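**Student:** Build me a structure from this.
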Amino acid sequence: MTLRKKTLIITGMTLFSLFVALYSTSKTILLDGFIQVEEQDADRNVRRIVQAYNDELNKLNIMNGDEAEWDGTYTDIETGNLKYFQNAFNYASLVRSNLDLIMYIRRRDRRIVYNGFITPYAKQALPVPKSLQKYFQQPEFLLQPDNEERQQMGLLQLPEGLMLIAVRQILTSEGKGPNRGILVMGRYLDVKQLAAKTHFDIALERLDHPPIPLDFQRAEQTLIKNEQVFVRSLNESTIAGYAMLRNMEGNPAAILRVNLPRQIYQRGQLSVRYLVWLLLLVGLVFSVTTLLLLEKLVLSRIARLSSDVSRIGASSDLCSRVEIPGNDELACLASTINWMLTQLNQSQAALLKSEERYRVFLAQSSEGIWRCELERPVAIQAALEIQVNDFYQHGYLAECNEVLTRMFGYASVGEMLGARIGEFLPKSIPANIEFFRAFISSGYRLVDAELCEFDRHGNLHYFLNNLIGIVENGYLVRVWGVQHDITARKQAEEALVRAKIAEAANLELTREINERKRIELALSREKELAQVTLHSIGDAVITTDAEGYVQSLNPVAEKLTRWDGEQARGLPLDCVFKIVNEITRETLDNPVERVLDESRIVKSSYNTLLIGRDGTEFAIDHSAAPIYASDRQLIGSILVFRDITQANTMARQLAWQASHDPLTELYNRREFEKRLATAVHSAQNGSIQHVLCYLDLDQFKIINDTCGHAAGDMLLRHISSLLPTQLRKTDTLARLGGDEFGILLYSCPLEQATQIANVLRQQINDYRFVWQDKTFTVGVSIGLVEINITTPSVASVLSAADAACYVAKNKGRNRVHIYQLDDTELAIQQGEMQWVTRLPQALEDNRFRLFYQPIAAIAPTSVGSPHHCEVLLRLEDETGKLVSPMAFIPAAERYHLMHRIDRWVIQTLFRHLMLSSTARLPHVYAVNLSGATLNDEQFISFVQEQFALTEICPQLICFEVTETVAITNLAKAAAVMRQLKALGCSFALDDFGSGMSSFAYLKNLPVDYLKIDGVFVREIVSDPIAAEMVAAIAKIASVMGIQTIAEFVEDEFILDKLRQLGVDYAQGYGISQPKALTLNRPVTRLHSQLGYCS
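**Tutor:** A predicted model of the protein is given here:
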């Protein structure tokens, strides 16, 4: 196709596309604008018709108002004057007034006083239908308050047609009430009259008479969304506007449609047609002008340029030139073409010279030079094998020199040219394929690659090749190669290699002969060494042949089997090596048979017993292995075994010792906890319940301390032999440590376990232990815990059992206590156990606090004596709250922490007195001591050390011990008191009077004060016996020179009574509350001074 035709087609298509685009755009914009104007015009016309409808309704309402607000109507509707209404509204007046309905309804009784109704078919006034009467007699019309809206208007849907309705309240002429009823006026909606009035084509469709036309249905869906007017085109010549008419209740009653001619839209279409013709004319003129200019300025000159270039190409005359006048791009292009022709002419001359030189080189070269062309270029991105196949399929020899023809046995170059590559490099030879693979893999540049080929006459040649491939646009298009014949060199190299191989073979043969001699000598030595080893090792060894017959026994094997080696040789192994299971006594399989059958090593099973020739039995372990010759042929087997009788005996003994207590020969704690863990696991699975019994002997420590450890061990052995008699074979009895035993009752209900525990307790209680000339009664405290599905762990079971046993001891010993989650005593005990860790931590954190409570002198003889106070202890818990000593003192005493707390109190108080001004006042600080502190051998040294460090007067300190603590170890208590009094301290006996024989030991204790038990002090006012006991204590103390202090003095009545009874001091909340002991805060104010001790 010529450039002129292309230009014509492109210009025509451009003009057509532009015309279509302009037409579409203008049509859309113009017509949309006309349609919008048309719809707005239709909307205005519909609103005018709706306004005309509303005007009709308002006129009817005004007419109703004139009659309803009239004094005559207001009076006569109440009296029911029918004549008034008949004269005012007969048939003629209704027709004259253009009314089709009138009703006067009285409010007070809802009675229709007068009504008139005209149908389109009747020419006289008829009674209003009952349904219509009931409609207007509804409360919403009649019972409206006077201050509400006085009128209602709307459309009423009647079978005869749609009626305009106006309802007004009947009031006076001045519009005042109260209203006495309503006046209803109605007039049928005349659509034709409305159309004639507005000069429009109007259609009305009622919504209560389905089905309605489709266009009215669509209009209803739109107008029901509170749209006032809906406009849509019906066809090319008509557009319709719709409006909704509503009834008295405000609900849709009818749709009004106004049909309008589409004059605006038709004028718009005419305008679009004019625009189209205008655009077509302009485009045609523009196209013709453009084509003429292109032809003159461009196309004709391009045609001339093309003709000149074609002429030069056809003649191959590179000296010719093209001529295009002008200074534009075409002229510049012509100049460029002329320059290119000049360059081509020069290049052609240079190429001819280069080709001449190449021909000379090709003819005179001593190397074979060739060029291979590819009929179809090979894609370098293809797979390796595909490239090799394509090279063989499409490659041919396009050029070569005479040297190459002689290398391959050809007579002339012409014989080789055009030959396929496969003709002189056959594809059937793998080396050729690998040669081309190497060429492709090297990136189409192969250097010094050796290749072995046969020439045309069958002579073998070796070549050294260099190849380079020419790649254009991702394709291999040709290959150049240079080939050098190295056959003579290769033959010389092969001869040299053969000579070296022969020399190396001679050397290798000599070395092998020497090595064989060395191996034979080594084998001889190893055989001798093996014989010595077999006779020296501690394991028994038997060798057999490939059939399982004995060949040899070493001395250990002869000793264990009781067979002589020469006698056993040649016998089947079963006759010499008899083994059975140690437990079942069943004969075991011969291990050598398995070795020979399966050709693998076979090791012994457990519990193997060897029976010797004379019946002697040995526990052994053994291992059998195959014996192979140097060619891997099975030639026999070797059986190694050893005597492990003593090792098994020791293993059983160690296993027994690991799980049993050596003293009682019962299970130890480790084995018991292992079995307890199994029981807990089975219970957690919900399959079974068990019971754990924790036993603690009650009097064991007394027997151990009195008679020695030998007696204690004997008692434990007796108890261990006594307990199993009441247990089942399935139960587990173990010694857990010291005098503690554990019993695990499997699959045992708690009730049955309680019975078993009580039988065991009674059996031990009835038992009498005799040692030398002494007889002892032994008791046991037992704690029971049920192991069930809720048991969390072994540790929790043991802890619960230990707690239950401890409660049994606290309740009096020699009893059984069952662990329950809601057990108060257990909760107390477990609460005390928590203090075991909290109290040391509190001491470490220094969270104890000192308080004091003053002790007042109340006897006349005590006035002027030093003021007393008792040092009290509180604990500040982790949250900062103070804890009473009664919460932690029992736990501290039970778990042997009380002596540490006493030392903290003494150390802290002494340091406080050293730093405080109260140390210079005549005070006495009473410090409580526990029984553990009294029994502490280092306590006196500790007090002396504190006095030395703080340098305070010992007379400031009064130590207190309870009566119970003092009489527990009377001699020890008296000794400690004397030592402390020797330092200058005083002593008080607390809770005096609570013991059974308080006065009996009082004379043996060097005390300075008696603190009367608060049990008596509280009751002295109301209980004469308590008063007499306090009086007796005060009198005896006075005789002995001991001052008395009454505790728990809570009011003035008790204080007055104490004065009457002769008590010296009083202490309690009636005197003072406890206060915190802080630095530089005196306990009480005194005027006299007391200096430090010298």
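**Student:** Secondary structure element holding the residue sitting nearest the centre point of the chain?
**Tutor:** Geometric centre of the chain, nearest residue: Pro792, 26.0 Å, by C-alpha atoms, centre = their mean. Using DSSP states H and E, Pro792 sits within no helix or strand.
**Student:** and it, how far is that from Ala683?
**Tutor:** According to C-beta to C-beta, to the nearest Å, Pro792 and Ala683 sit 11 Å apart. In short, each C-beta sits where N, CA and C put it, glycine included.
**Student:** Could you do Leu956 as well?
**Tutor:** Distance from Leu956 to Ala683, by C-beta to C-beta: 62 Å.
**Student:** can you check Ala21 too?
**Tutor:** Distance from Ala21 to Ala683, by C-beta to C-beta: 92 Å.
**Student:** more neighbours, the two?
**Tutor:** Ala683 (19 against 10; other C-beta atoms under 10 Å).
**Student:** ok, the closest residue to the more buried one other than its chain neighbours - how many residues close by?
**Tutor:** The shortest distance from Ala683 to any non-neighbouring residue, by C-beta to C-beta, 6 or more residues apart in numbering, is to Ile787 (4.7 Å). Applying other C-beta under 10 Å, we find 26 other residues in the vicinity of Ile787.
**Student:** Please tell me the pLDDT value assigned to Ile787.
**Tutor:** Ile787 carries a pLDDT value of 92.
**Student:** Quickly note the distance from the residue lying closest to Leu162 once chain neighbours are set aside to Leu256.
**Tutor:** Residue nearest to Leu162 in three dimensions, not counting chain neighbours: Leu189, with 4.4 Å by C-beta to C-beta, 6+ apart. Leu189 sits at a distance of 10 Å from Leu256 (criterion: C-beta to C-beta).
**Student:** domain assignment for this protein?
**Tutor:** 69-189, 318-353, 365-485, 492-536, 538-649, 663-821, 835-1072 (automatic domain parsing).
**Student:** Which among those is found nearest to Gly241?
**Tutor:** Of all the domains of the chain, it is domain 69-189 that lies closest to Gly241, at 17.9 Å by C-beta to C-beta.
**Student:** what mean pLDDT would you report for that closest one?
**Tutor:** Mean predicted lDDT for domain 69-189 stands at 79.
**Student:** Now do that domain: distance to the chain's middle.
**Tutor:** Mean-position distance between domain 69-189 and its chain equals 80 Å (C-alpha atoms, centre = their mean, to the nearest Å).
**Student:** Next, the distance between the ends of it.
**Tutor:** Length of domain 69-189, first residue to last, C-alpha to C-alpha, to the nearest Å: 25 Å.
**Student:** Strands of the stretch 901-1050 of the chain, start to end?
**Tutor:** According to DSSP state E, counting those that start in this stretch, the stretch 901-1050 of the chain carries its strands in the segments 923-928, 957-962, 986-992, 1009-1012, 1043-1046.
**Student:** Put together CSV for the domains of the chain, with distance to Asn247 on each row.
**Tutor:** Output for the domains of the chain, formatted as CSV (distance: least, C-beta to C-beta, whole Å):
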stretch, distance to Asn247
domain 69-189, 5
domain 318-353, 83
domain 365-485, 85
domain 492-536, 123
domain 538-649, 107
domain 663-821, 77
domain 835-1072, 79
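**Student:** who wins for proximity to Ile212 among the ones you listed?
**Tutor:** domain 69-189 (13.6 Å).
**Student:** Now do the helices for the stretch 701-850 of the chain: every range, in order, please.
**Tutor:** Ranges of helices in the stretch 701-850 of the chain, per DSSP state H, counting those that start in this stretch, are 709-722, 750-766, 794-810, 824-845.
**Student:** deepest of those helices, which one?
**Tutor:** Ranked by mean neighbour count under mean count of other C-beta atoms under 10 Å, the helices of the stretch 701-850 of the chain are led by helix 794-810, which reaches a mean of 20.
**Student:** related to what we said a few turns ago, now for the helices of the stretch 701-850 of the chain, which one comes closest to Val595?
**Tutor:** The nearest among the helices of the stretch 701-850 of the chain, by C-beta to C-beta, is helix 794-810 at 47.8 Å.
**Student:** same question for that closest one, mean pLDDT?
**Tutor:** Rounded mean pLDDT across helix 794-810 is 87.
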